[in-house]
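J.: coordinates only, sequence not included:
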């Protein structure tokens, strides 16, 4: 927007008047100037002192305090009309405006002064106190160390508004000082084997306890179970150098192995009194660890050797020749096995955000994780996994590619009414280049998320640009605009990131593709799929290198409100190309389309906010193609191709795969009207829904698409909602009244539920 020049002209006119007044003998009114002698013999008062009030105020962080200054001349008479310059000796404690308004920034004291000419007041002390503590949290919430080791805990104090109080005084306590002590800095020292509760207090507010488990030096403990505890079973551990230790399981399936002097990683074999041996592998590089043994850990370690065309028996017999996986390598395989079993773990009360299939302790008592083992049958020879609770059944098939070192698990889950299919895959990685790429990509993503956490709501594109490759291209957006888009989506979100799969690696061109789970601090999990480029030894995010956005979805769609036709299993392609860059898109594949063109559908106005206070409108040409109300599911892994014709240059073909499909719907409940007149635009509106049950939900998102005319041809704007917790059954969204300055005449409420393995259920509520 261009500013009017009128205010500038008025300011200049004001300055001119001021100078004109200065040329007259006080002819323009105002205060008497200070400290001058006149030829006529009169003497103007001279400024002698300035006094600041109040003398010693105290306010809390975020509050304000108004100061005033009183001036006197050499005779003690008050002087008026003076201009004062205000100063704070510590702007990290409080700032002060030109008008004397101080704003508290941080706890402490600062000296406030006022100055006019060469005279400065005596300083008054402003004390800033922290706001009262409302909550205290301790991290980590659980930890395990051996005798003699230390564990550092951190405490975060927040006020009632959720703001972190960095200066809060913290007092630490251990419920059992015979197990571990903790000093004033939050460093716990292990004294003896056992468990203790660590708490942090600030004033009268005490945190929930964190559990610190102390294990004896040099031991690996675990539980062996397969539908029930494996009792009196022979347990053998072999380390990376071939040194072994042995033990026998107790009546509850637990065992303890001495590992003093051994070199991790460890492979453990449990031979039951009847049946086949089960294997496991350590998930960390510690001599003191938890290593459980069950059919799922057996699948994990067998998969490692199978991707190399080897057997776990051969690896156990010769770990020097066939070394076991490092913690980072085993984690990738463990991740996809966790994904496949996550529905069952969640249904049985297991928090998968903190659960590790190998190293999380459990009891073989028929509850929690052990209940999942009771429901699970693994056939290593056939490469099959079956999980059932009698009502819902999941069947999975595991395959291996020894050329790429990849393991793939295809699953189908049905409850008699709805069915979900999915495919998850990862490179193991067994090859040196694969392991190096994984390490570099992990480093980049950890730094990326650390920046998100540090910046929070203040995140800008400049903060994330160091992680984006200089030649990045994603959905037609170059590095600058794509970074703006990422920042718009992720600003204010905090959490942690886990590499869930390494999807591909081109060692020659040093290009890789990886998938991550971004576990949001507020609940919910986002799956982020990025391509990376190795730029001068650093793996940077390079984008999908597509000239347009191709949102390719196999989903269960439920149309509600003013439009109910078209509900059911659905394959759809949503194309958004930067305005004027693409002339045509055609789709083929799945026995559904053969060079079928997408249908033009107006334009989409997307607003990016590269900083919290700046925005930019980017317009996209929109087209779509869908095959709805399908009678059968398209199998996971079905190939499709999209041919994109740019305005200039040759057509480009992209290969697209369906990695999941479901007939399990999400349905918005309690709808009473589909008329636009029933909506209150510009105000939050709350919706309720029922969730799918045949797949593990990773993310729930509620957003709005508004139109200024017919949906097929008019301009539309998307109002992005916030990500909700994975188990959310209600949420609110604000429906804008205008789109690009034009009145909204039609509204789509879009509720999207995404599964951990890519399943997708969508409900659209149409208002007209």
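T.: Perfect, I can see it now. Keep in mind that this is a model prediction, so the values were computed, not measured.
J.: show me the strands in the stretch 601-750 of the chain, by range?
T.: Per DSSP state E, counting those that start in this stretch, the stretch 601-750 of the chain carries strands over the ranges 614-627, 639-646, 652-657, 660-662, 667-669, 684-690, 697-707, 715-719, 723-724, 730-734, 738-739, 742-743, 746-755.
J.: deepest-packed of those strands, please.
T.: strand 660-662 (a mean of 26; mean count of other C-beta atoms under 10 Å). (Each C-beta comes from the backbone N, C-alpha and C, glycine too.)
J.: ok, that strand: who's next to it in the sheet?
T.: strand 419-427 (antiparallel) (DSSP bridges).
J.: how far away from the center of its chain is the strand it pairs with?
T.: 22 Å (C-alpha atoms, centre = their mean, to the nearest Å).
J.: then stretch 617-628?
T.: That offset, for stretch 617-628, works out to 27 Å (C-alpha atoms, centre = their mean).
J.: before we move on, what about stretch 86-99?
T.: 37 Å.
J.: pLDDT on that stretch, on average?
T.: Looking at stretch 86-99 alone, the average pLDDT works out to 97.
J.: start to end distance for it?
T.: Length of stretch 86-99, first residue to last, C-alpha to C-alpha, to the nearest Å: 8 Å.
J.: circling back: which of the strands of the stretch 601-750 of the chain sits closest to residue 562?
T.: strand 746-755 (8.6 Å; C-beta to C-beta).
J.: elements contacting that closest one?
T.: For strand 746-755, the packing partners by 3 or more C-beta pairs under 8 Å, 6 or more residues apart in numbering; DSSP states H and E come out as strand 684-690, strand 697-707, strand 760-767.
J.: of those, which shows the lowest average pLDDT?
T.: Taking the mean pLDDT of the helices and strands packed on strand 746-755, strand 697-707 comes last: a mean of 92.
J.: got the angle between it and strand 684-690?
T.: Taking axes from the mean of the first three to the mean of the last three C-alpha atoms, to 10 degrees, strand 697-707 and strand 684-690 form an angle of 130 degrees between their directions.
J.: what separates residue 558 from residue 573, distance-wise?
T.: From residue 558 across to residue 573, the span is 19 Å (C-beta to C-beta, to the nearest Å).
J.: returning to what we had before: dump the strands of the stretch 601-750 of the chain to CSV, plus distance to residue 528.
T.: Output for these, formatted as CSV (distance: least, C-beta to C-beta, whole Å):
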stretch, distance to residue 528
strand 614-627, 21
strand 639-646, 22
strand 652-657, 18
strand 660-662, 16
strand 667-669, 27
strand 684-690, 25
strand 697-707, 11
strand 715-719, 20
strand 723-724, 12
strand 730-734, 22
strand 738-739, 29
strand 742-743, 34
strand 746-755, 12
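J.: so which of those gets nearest residue 387?
T.: Nearest to residue 387, of the strands of the stretch 601-750 of the chain and by C-beta to C-beta, is strand 746-755 at 15.6 Å.
J.: quick check: residue 326 vs residue 423, distance?
T.: 26 Å.
J.: higher neighbour count, those two?
T.: Applying other C-beta atoms under 10 Å to residue 326 and residue 423 shows that residue 423 carries more neighbours, namely 21 against 18.
J.: OK, contacts around the spatially closest residue to that one that is not a sequence neighbour?
T.: Take residue 423 and drop its neighbours on the chain: the residue closest to it by C-beta to C-beta, 6 or more residues apart in numbering is residue 636, 3.8 Å away. Residue 636 makes contact with 410, 411, 421, 422, 423, 658, 659, 660, 661, according to C-beta atoms under 8 Å, 6 or more residues apart in numbering.
J.: report the two of those residues separated the most.
T.: Going by C-beta to C-beta, the pair spanning these furthest: 411 and 658, at 13.5 Å.
J.: list the helices and strands the helix ranked longest in the chain packs on?
T.: For the chain, the longest helix by residue count, based on DSSP state H, is helix 432-455. With contacts taken as 3+ C-beta pairs under 8 Å, 6+ apart, helix 432-455 sits against helix 327-347, helix 461-464, strand 495-506, strand 511-520, strand 525-535, strand 538-541.
J.: closest to residue 475 out of the ones you listed?
T.: Here strand 525-535 is closest among the helices and strands packed on helix 432-455 (C-beta to C-beta), at 11.9 Å.
J.: for residue 162, grab the count of nearby residues.
T.: 8.
J.: again with residue 93
T.: With other C-beta under 10 Å as criterion, residue 93 counts 20.
J.: and for the one 5 residues further on?
T.: Here the number of neighbours of residue 98 (other C-beta under 10 Å) works out to 9.
J.: try residue 403
T.: There are 8 residues near residue 403, going by other C-beta under 10 Å.
J.: for the longest helix of the chain, buried residues please.
T.: 434-438, 440-442, 444-445, 448-449, 452, 455 (16 or more other C-beta atoms under 10 Å).
J.: residue 412 contacts residue 421, doesn't it?
T.: Yes. Between residue 412 and residue 421 there is a contact under C-beta atoms under 8 Å: 4.8 Å.
J.: for the residue nearest to residue 423, report the pLDDT, please.
T.: pLDDT at residue 636 comes out at 88.
J.: from residue 495, how far out is it?
T.: For residue 636 relative to residue 495 (C-beta to C-beta), the value is 28 Å.
J.: now swap in residue 335 and tell me
T.: Distance of residue 335 to residue 495, given as C-beta to C-beta: 16 Å.
J.: ok, now residue 46?
T.: 64 Å.
J.: in terms of neighbours, single out the busier of these two.
T.: residue 495 (19 against 15).
J.: contact partners for the more buried one?
T.: 449, 452, 453, 518, 519, 520, 521.
J.: give me that answer again for 7 Å
T.: Shown here is residue 495, whose contacts under the criterion C-beta atoms under 7 Å, 6 or more residues apart in numbering are 518, 519, 520, 521.
J.: equivalent analysis for residue 307, please.
T.: By C-beta under 7 Å, 6+ apart, residue 307 lies in contact with 400, 402, 405, 406, 407, 428, 430.
J.: is the fourth one in a bridge, and if so with what?
T.: Here residue 406 sits in beta bridges with residue 401, residue 427, going by DSSP bridges.
J.: quick one: it and residue 429 touch, right?
T.: No. Between residue 406 and residue 429 there is no contact under C-beta atoms under 7 Å: 9.0 Å.
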